[in-house]
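Asker: I would like to see how this sequence folds:
(one chain, ligands or ions: 1)
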Amino acid sequence: MTSSSPITIMKMKLNHCSPSPPYTTAAARRLLPPLIGHHQIQLRSSLGPTLHNSPSFSARAIIARSASSSSSFVITAAMASEASVKVIDGKKVAKDIRDEINAEISRMKDSIGVVPGLAVILVGERKDSATYVRNKKKACETVGIKSYEVCLPENSTEEEVLKYISDFNDDPMVHGILVQLPLPSHMDEQKILNAVCIEKDVDGFHPLNIGRLAMRGRETSFVPCTPKGCIELLHRYNVEIKGKRAVVIGRSNIVGMPAALLLQREDATVSIVHSRTRNPEEITRQADIIISAVGQPNMVRGSWIKPGAVIIDVGINPVEDATNPRGYRLVGDVCYEEACKVASAITPVPGGVGPMTIAMLLSNTLLSAKRIHNFK
Ligand SMILES: Nc1nc(=O)c2c([nH]1)NC[C@@H]1CN(c3ccc(C(=O)N[C@@H](CCC(=O)O)C(=O)O)cc3)C=[N+]21
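Answerer: Sure, this is the predicted structure:
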């Protein structure tokens, strides 16, 4: 989703999350300051040495508290906590991972002469899909993966797609196969995804992959890229998962569900919030870790977030923006401005989970080539 305009742009004009300024409610005024101070301390230990939040937060809060009006207190405290939120830099981490992958691929090429190959099948003319595919191809080039691309017209038949999949399944140069989603509506997505042989399913969308993810004691074959990227970010920022309460918002097969399974594997206590959940706000507010993957711009408000929580925002939602040369800009599921004032760490959109998804695709492709050639 880069220079070209995506198919659907949310009809919203949002510079902030809402017309009303955040944290001016009486409840927020009562709740926020002491809790932020408390969680700040926890955060510092959980995020380790990389954290550069202001050590003077509580001092500033106390000074603010002694200041005259309560409204000036709220503003000052909010500013102080905002300054201390850790922005989780997915773009930077993705670059580090590509460098690591690049080194591994050179090592493999030098020792056994194998170059990993990724096949991408794109059906139809969706501009956003075309952009994703182009970005994946570029990313492959930067790490030394050979990419094989097939672009089919919108009116192709299922059989044609299945034929390409079957050829790639048999091609020894190809170690990973990705069918770009969504497929045109006349195609049976399940049937097509099931045709990708499990050894080359680098997207991790095969039911057997998800099944293994769900079962204790089973080795996973390929972990779906976006959820894998989310967990990788938590690991690389030293966010402890074990024993923590995690809430995943959204239950899609490709993000929400596998993300919840992964968090559970990492010993978090996991709840899934979805469109039929009663009191999503109340449940989300219990989370130490929030992964949001719903595709609703700014749905998760500051009041949904427990002070000190870590937020991974998977949403990439285009919203109308006349001031932007593209005519739109991207926002997450989480109201960033509000979240920055409550959370201890957050991924931005863009530059958060998106780049990690692609990095994990490269990582799965390398893993596949290593497995197929038994290269340690
Ligand atoms: N079989 C399949 N596998 C996928 O993994 C898959 C798919 N189909 N269909 C579409 C979604 C979406 N997706 C993204 C990947 C990277 C960014 C990304 O890098 N985003 C940039 C935004 C760049 C920009 O447009 O400015 C960022 O968040 O920083 C976004 C979205 C993979 N998907």
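
Asker: Just give the number of residues close to Pro350.
Answerer: The number of residues packed near Pro350 is 17, by other CB atoms under 10 Å. To be clear about C-beta, it is placed using only N, CA and C from the backbone, and glycine gets the same treatment.

Asker: Distance check, it against the ligand.
Answerer: Distance, Pro350 to the ligand, by CB to the nearest ligand atom, to the nearest Å: 3 Å.

Asker: same deal with Ala130?
Answerer: 11 Å.

Asker: State the number of residues packed around the residue nearest to Glu125 when sequence neighbours are not counted.
Answerer: Spatial nearest neighbour of Glu125, chain neighbours left out: Glu154 (5.8 Å); criterion: CB to CB, 6 or more residues apart in numbering. The number of residues packed near Glu154 is 11, by other CB under 10 Å.

Asker: now the strands for the stretch 151-300 of the chain?
Answerer: According to DSSP state E, counting those that start in this stretch, the stretch 151-300 of the chain carries its strands in the segments 176-179, 245-249, 269-273, 289-292.

Asker: Can you name the residues of the stretch 201-350 of the chain sitting close to the ligand?
Answerer: 203, 225, 316, 330, 349-350 (CB under 6 Å from any ligand atom).

Asker: who are the neighbours in contact with the residue nearest to Glu125?
Answerer: When contacts are counted by CB atoms under 8 Å, 6 or more residues apart in numbering, Glu154 touches 123-125, 184.

Asker: Mind doing that once more with 6 Å?
Answerer: By CB atoms under 6 Å, 6 or more residues apart in numbering, Glu154 lies in contact with 124-125, 184.

Asker: what's the answer for Asn364, then?
Answerer: Counting by CB under 6 Å, 6+ apart, Asn364 makes contact with 202, 222.

Asker: Kindly export whatever helix or strand it lives in (C-alpha atoms) in PDB.
Answerer: Element membership of Asn364, judged by DSSP states H and E, is helix 353-372. Below are the C-alpha coordinates for helix 353-372, written out as PDB (Å, rounded to 0.1, in the frame of the first residue of the first chain):
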ATOM      1  CA  VAL A 353       4.000  -4.400  12.100                       C
ATOM      2  CA  GLY A 354       3.700  -3.900   8.300                       C
ATOM      3  CA  PRO A 355       7.500  -4.100   7.600                       C
ATOM      4  CA  MET A 356       7.800  -7.000  10.000                       C
ATOM      5  CA  THR A 357       5.200  -9.100   8.000                       C
ATOM      6  CA  ILE A 358       7.500  -8.900   5.000                       C
ATOM      7  CA  ALA A 359      10.600  -9.700   7.000                       C
ATOM      8  CA  MET A 360       8.900 -12.800   8.400                       C
ATOM      9  CA  LEU A 361       8.000 -13.900   5.000                       C
ATOM     10  CA  LEU A 362      11.700 -13.800   4.000                       C
ATOM     11  CA  SER A 363      12.500 -15.600   7.200                       C
ATOM     12  CA  ASN A 364      10.000 -18.400   6.500                       C
ATOM     13  CA  THR A 365      11.300 -18.700   3.000                       C
ATOM     14  CA  LEU A 366      14.900 -19.100   4.300                       C
ATOM     15  CA  LEU A 367      13.700 -21.600   6.900                       C
ATOM     16  CA  SER A 368      11.900 -23.600   4.200                       C
ATOM     17  CA  ALA A 369      15.000 -23.700   2.000                       C
ATOM     18  CA  LYS A 370      17.100 -24.800   5.000                       C
ATOM     19  CA  ARG A 371      14.700 -27.600   5.800                       C
ATOM     20  CA  ILE A 372      14.300 -28.900   2.200                       C
END
